[in-house]
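Chemist: mind looking at a prediction? Sequence and model below.
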Amino acid sequence: MPEVTTEEELADFAEALCLPARPVDGYRALMPDASVLDRYLAVFGDAQFGEYTTRLAERHARAGGRAYLARFARSCGAARPWHTGDVPFAFGNLDAVGADFLIGGAPDEHDRALSRRMLRSWADFAATGDPGRPAVSADTTPVRCWGVPVDHLADDDGSGLRALYGTSGSAC
């Protein structure tokens, strides 16, 4: 991935990804103190993973399927969490070689408690099909937001970011 550090590079990236200007402008408004790099990482992660995963879960639920959503909301220093940052937490290997890179340093007791909560949810889901939170339905999109020191259940991710994507998808 390129290191995007200027507004021009961010605009070029969004264009290459076929994103309309609205989401990129919206991230600037929702993250006024973030660096261009942090906004780029947010746009990239949400456009490639978060938004489309949520849309898939919602469509699956409307078709009669069952889906559960979660967001890994534990920040890495000043930055937002990134793709795969949840893996050491979900598998309980916070002390594995290389995990410090994904979690932004050595884990603390809040991190270890978060990992235990995530492990319990995954184990419950594997054993019973129920991760301990409501499923997405035709009318609601509950999201478990994993964070430190506590998690919360939201009706949606609550950040305002989903509204930036609307229903129009990409510009291409």
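Modeler: All right, it came through fine.

Chemist: tell me the bridge partners for the residue nearest in space to the middle of the chain.
Modeler: The centre of the chain sits closest to R71, judged by CA atoms, centre = their mean, with a distance of 4.5 Å. The partner list for R71 in beta bridges (DSSP bridges) reads C145.

Chemist: what distance do you get for it to T54?
Modeler: When CB to CB, to the nearest Å is the yardstick, R71 and T54 sit 9 Å from each other. C-beta here means a position set from N, CA and C on the backbone, and glycine is covered the same way.

Chemist: tell me which helix or strand in the chain has the weakest average pLDDT.
Modeler: Ranking every helix and strand in the chain by mean pLDDT, DSSP states H and E puts helix 161-165 at the bottom, with a mean of 74.

Chemist: residues contacting that helix, please?
Modeler: Residues outside helix 161-165 that contact it (CB atoms under 8 Å, 6 or more residues apart in numbering): 22-23, 26-27, 30, 42, 46-47, 50-51, 54, 156.

Chemist: the longest helix along the chain: which residues count as buried?
Modeler: The residue-count maximum for a helix in the chain (DSSP state H) belongs to helix 109-128. Going by neighbour count (16 or more other CB atoms under 10 Å), the buried part of helix 109-128 is 111, 114-115, 117-118, 121.

Chemist: next SSE downstream of whichever strand or helix holds A42?
Modeler: Element membership of A42, judged by DSSP states H and E, is helix 36-45. Downstream of helix 36-45, the first helix or strand assigned by DSSP H and E is helix 51-62.

Chemist: care to break the protein down by domain?
Modeler: Domains of the chain are assigned by automatic domain parsing as 1-65, 68-158.
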